[in-house]
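In: Quick one: sequence and predicted model below, then my questions.
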Amino acid sequence: MSNLQEKEILSFIQEKQYASVEEISNTLYISPSTVRRKLTRLQDKGLITRTRGGAKMNDSSNFLPSFSFRTHQNSFEKKKIALTATKLIKNGDVIFLDASTSAFFIAEYLSGFKDIKVITNGIDTLSLLAKNGINAYSTGGNIIKSNSSVLGGEHAISMIEKFHADIAFFSVASITRDGKLYDIFEEENPPRIAMLKNATRKVFLSDSTKFGKISPYFTCTTRDIDYIVTDKPITEMFNDIPLPEIVY
């Protein structure tokens, strides 16, 4: 219940950008004292900023969101996408998972597969795989300064290149109408690109909020991937371009 309340409050503030304690309490049927306590916890996680009488979303143009922040963003959609994406996995597969929160949610659903191997540069993802008893390999490398939940650098890329995966799951921050994929973390791109280069099938995981947007760092195009797994039909969001198979 505690985490559910926090997610509900965060989603409400995310929609409004600012909300008062009274507004949150009346809308979500949570007592004002509980709302204040949850707002303090969300602020401690770096997700919001408390203001007099309420809270506001942190300005995404002024900071790079933490892994914790992104796991809370559209978490229901990401879990749905992850569960759908696992239908592309077969027993015995070698799998790349990048350090995105979308790939993290896939790690929650892998315990039912036999003889799979997972290679990831996501620190939180690696911990979850170990907890679930999955045969997992860390890419190693250095912790990326802009995102302390990610391993990168030459050592990580060298480790990735030692494997050939049957399937690579990845996500980025945005995808344009002409099919170009971009991310907000520059240092996350080289390991991700190495995974795509060394995988037979490439699967882009994305909730529909990422479509029609652009971020600073180019990753690849829709011509470079085999599937897009998303939460609802998105064909109309693109210009008239060839698209990979879309699964939702």
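Out: Nice, thanks for sending it over. Numbering: from 1, shown residues only.
In: Need phi/psi at the spatially most central residue of the chain.
Out: For the chain, the residue nearest the mean C-alpha position is Thr101 (2.7 Å; Cα atoms, centre = their mean). Note on Thr101: backbone dihedrals following degrees, to the nearest 10 are phi -70, psi -30.
In: That one and Arg201: what is the separation?
Out: Plainly put, Thr101 is 21 Å away from Arg201 if you go by Cβ to Cβ, to the nearest Å. Every C-beta, even on glycine, is put in place using the N, C-alpha and C of the backbone.
In: Lys145 now?
Out: 32 Å.
In: and if you look at Glu186?
Out: Between Glu186 and Arg201 the computed distance is 26 Å (Cβ to Cβ).
In: between the two, who's got more neighbours?
Out: Arg201 (16 against 12; other Cβ atoms under 10 Å).
In: How about the more buried one: which residues does it bridge to?
Out: Ile167 (DSSP bridges).
In: Tell me the first helix or strand C-terminal of the lowest-mean-pLDDT helix or strand in the chain.
Out: Every helix and strand in the chain was compared by mean pLDDT, DSSP states H and E; the lowest is helix 67-72, with a mean of 53. Moving toward the C-terminus from helix 67-72, the next helix or strand (DSSP states H and E) is helix 75-85.
In: List of residues touching that following helix?
Out: Identification of contacts with helix 75-85 by Cβ atoms under 8 Å, 6 or more residues apart in numbering yields 7, 71, 101-102, 105-106, 108-109, 169, 203, 205-208, 229-231, 247-248.
In: rerun at 7 Å
Out: 7, 101-102, 105-106, 108-109, 169, 203, 205, 207, 229-231, 247-248 (Cβ atoms under 7 Å, 6 or more residues apart in numbering).
In: Retrieve the pLDDT associated with Ile225.
Out: Looking at Ile225, its pLDDT is 97.
In: and the host helix or strand of Phe104, what does it pack onto?
Out: If you go by DSSP H and E, Phe104 is part of helix 101-107. Contacts defined by 3 or more Cβ pairs under 7 Å, 6 or more residues apart in numbering; DSSP states H and E place helix 101-107 against helix 67-72, helix 75-85, strand 94-97, helix 123-131, strand 165-170.
In: Convert the C-alpha atoms of it to CSV, please.
Out: Extracted in CSV, the C-alpha atoms of helix 101-107 (Å, rounded to 0.1, in the frame of the first residue of the first chain):
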residue,chain,number,x,y,z
THR,A,101,14.3,1.0,-16.5
SER,A,102,12.3,-0.7,-19.2
ALA,A,103,14.9,-3.5,-19.4
PHE,A,104,15.0,-3.6,-15.6
PHE,A,105,11.3,-4.5,-15.6
ILE,A,106,12.0,-7.4,-18.0
ALA,A,107,14.4,-8.9,-15.4
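In: Could you identify the helix or strand that succeeds that helix?
Out: strand 117-120.
In: Might you list the low-confidence residue ranges for this structure?
Out: Applying pLDDT under 70 to the chain flags residues 1-3, 15, 59-75.
In: Sketch out the helices for the protein, chain order is fine.
Out: Taking DSSP state H as the test, the helices found in the chain are 2-16, 21-28, 32-44, 67-72, 75-85, 101-107, 123-131, 154-160, 189-197.
In: which of these is buried the deepest?
Out: Most buried of those, by mean neighbour count (mean count of other Cβ atoms under 10 Å): helix 101-107, with a mean of 27.
In: contacts for that one?
Out: Defining contact as Cβ under 7 Å, 6+ apart, one finds that helix 101-107 is touched by 67, 70-71, 78-79, 81-82, 85-86, 97, 122, 124-125, 128-129, 169-171, 205.
In: hmm, try it at 6 Å
Out: With contact meaning Cβ atoms under 6 Å, 6 or more residues apart in numbering, helix 101-107 is reached by 70-71, 78-79, 82, 85, 97, 124-125, 128-129, 169, 171, 205.
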